[in-house]
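A.B. asks: kindly generate the corresponding structure for this input.
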Amino acid sequence: MGIFDRFKSNKAVQGKARDMSDAAERTVNEKTGDRYESQVDSGQQQVHKRLGMDDEDRPEQP
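C.D. replies: Residues are numbered from 1 along each chain as shown. Purely as a prediction, here's the structure:
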């Protein structure tokens with residue numbers, strides 16, 4: 001069992017990773033003045049998808 005398999009099965013760790021990812025997204029958007037918001041969001045979604053943290057069942061945050 002690899003590290004990513006263990007990550008995908010641990011929901012508590014995924015929650016922390018999602019929170020850190022959201023904080024990083026906010027920071028990047030603040031630093032760039034939201035010029036690259038769509039690219040940052042797209043990249044974040046790709047990371048979540050590849051790590052098994054899809055946001056399908058999670059409500060959209062303001």
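A.B. asks: what's the top helix by length along the chain in contact with?
C.D. replies: In the chain, assigned by DSSP state H, the helix with the most residues is helix 11-32. Residues outside helix 11-32 that contact it (C-beta atoms under 8 Å, 6 or more residues apart in numbering) are 7-8, 36-37, 40-41, 44, 47-48, 51-53, 58, 61. (Glycine included, C-beta is placed from N, CA and C.)
A.B. asks: I'd like to know which of those are buried.
C.D. replies: V40, Q44, H48, M53 (16 or more other C-beta atoms under 10 Å).
A.B. asks: can you put those residues in TSV and add distance to A23 and pLDDT?
C.D. replies: Putting the buried ones among the contacts of helix 11-32 into TSV (distance: C-beta to C-beta, whole Å; pLDDT from 0 to 100) gives the following:
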residue	distance to A23	pLDDT
V40	12	95
Q44	11	92
H48	14	88
M53	15	82
